[in-house]
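**Q** Structure, please.
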Amino acid sequence: MPAALFEFFEVIAEELTATPSRVITNEDFRINDKDSPLLENLMKELKAVGPEDAFRSTVVKLEEHFNGKGAKLPFEYLPETGRFTATDPEFLSFVNDMRGMRTIGKRARDFECTVAQRLDQRTTGAIHRVGYPRDAKKTRAAFNKHLMTLGFDAAVLYGREKDGGFDILWLLPIGSMPHKPIVSVQCKNSEYNIDDAHKSVATAIESFTRHVGLQTTVHVPCVLFNDYISPTMLRRKPMGFVPLGLTDLAPLAGRIPVELI
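**A** You can find the predicted model right below:
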């Protein structure tokens, strides 16, 4: 199951996708006249004294989470009335769509393509969705030829490999080929799982050894899940990749801040 905070957020996203502004209370979460397990979990996690307090505390936590991503919470909430109002209906609709395709294997390609398009709204540089199946570079030779334009040698794919473990490659807007750092984004159309993440980046890291201009450790491996990733879900030990979730695809709230300390 998704984290309780994100499960709550998805419910709000679904409701506001259908109706951009509406009153939502704990009564809307009741199932067959019984209290909602979700609200009970939230009250326990947030030490809330009741459903109304859980609503307020959850929205505060979600707002803190989005701010930590450099984004804004895509809705407003008035605790006095229980009214939720969409401020970024496009992002809420995106979250709702991703919920509908999560864990569906045949939608993995759709998830990758959508993530690549969402990254376009947060980044500068160049984004290449190179995962299999592809639209144009379908053969091993065509794939390797394309990667050569990104600083790799001619032998990234071997044997039965279809994409060398790559899903999305984001070339940062600094440096020049082949000395241009690359962020590899592995897309997992599933809920967060640390073991799946480790497996996901293994082949990609091996493929980075075929880069001719920069060492493997210069590049940045990421794994993006169709989920919500918060610090409490992660292990304390340093990680060999950057864990990402859907909220990392929310639009930036403003320009990149510059601090002269």
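
**Q** domain parsing for the chain?
**A** If you go by automatic domain parsing, the domain ranges for the chain are 4-94, 105-249.

**Q** host element of Asp53?
**A** Using DSSP states H and E, Asp53 maps to helix 51-68.

**Q** ok, now Arg118?
**A** helix 108-119.

**Q** Report the buried residues of the following helix or strand past that helix.
**A** Next helix or strand after helix 108-119 toward the C-terminus (DSSP H and E): strand 126-129. Using 16 or more other C-beta atoms under 10 Å as the test for burial, strand 126-129 gives Ile127, His128, Arg129. From N, CA and C alone the C-beta is placed, and that goes for glycine too.

**Q** What lies in contact with strand 126-129?
**A** Strand 126-129 is contacted from outside by 112-113, 116, 119-120, 146, 150, 167-171, 173, using C-beta atoms under 8 Å, 6 or more residues apart in numbering.

**Q** just to revisit the earlier point, quick check: mean pLDDT of the helix or strand just after the helix holding Asp53?
**A** Using DSSP H and E, the helix or strand that follows helix 51-68 towards the C-terminus is strand 75-78. The pLDDT scores in strand 75-78 average 96.

**Q** what residues does the helix or strand following strand 75-78 touch?
**A** Where DSSP H and E defines the elements, the next helix or strand beyond strand 75-78 is strand 83-86. Strand 83-86 has contacts (C-beta under 8 Å, 6+ apart) with 12, 15-17, 20-24, 74-78, 92.

**Q** Out of the residues you listed, flag the one nearest to Glu45.
**A** Nearest to Glu45 out of the contacts of strand 83-86 is Ile12 (C-beta to C-beta; 16.8 Å).

**Q** Quick check: chain neighbours aside, which residue is closest to the closest one?
**A** Closest residue to Ile12 apart from its sequence neighbours, by C-beta to C-beta, 6 or more residues apart in numbering: Phe84 at 5.8 Å.

**Q** low pLDDT regions in this protein?
**A** Along the chain, segments meeting pLDDT under 70 span 1-2, 31-35.

**Q** the helices in it, which residues?
**A** 4-18, 37-46, 51-68, 89-101, 108-119, 140-148, 194-208 (DSSP state H).

**Q** elements contacting the helix holding Asp53?
**A** helix 4-18, helix 37-46 (3 or more C-beta pairs under 8 Å, 6 or more residues apart in numbering; DSSP states H and E).

**Q** Among those, show me which one is buried the most.
**A** Among the helices and strands packed on helix 51-68, helix 4-18 has the highest mean neighbour count (mean count of other C-beta atoms under 10 Å), at a mean of 20.

**Q** then that one to CSV, C-alphas only?
**A** Extracted in CSV, the C-alpha atoms of helix 4-18 (Å, rounded to 0.1, in the frame of the first residue of the first chain):
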residue,chain,number,x,y,z
ALA,A,4,-0.8,7.0,4.3
LEU,A,5,0.0,10.6,3.5
PHE,A,6,0.2,9.9,-0.2
GLU,A,7,-2.9,7.7,-0.2
PHE,A,8,-4.8,10.7,1.3
PHE,A,9,-3.3,13.0,-1.3
GLU,A,10,-4.4,10.6,-4.1
VAL,A,11,-7.9,10.6,-2.8
ILE,A,12,-8.0,14.4,-2.8
ALA,A,13,-6.4,14.5,-6.3
GLU,A,14,-9.2,12.2,-7.5
GLU,A,15,-12.0,14.2,-6.0
LEU,A,16,-10.6,17.6,-7.3
THR,A,17,-10.0,16.1,-10.7
ALA,A,18,-13.8,15.5,-10.9
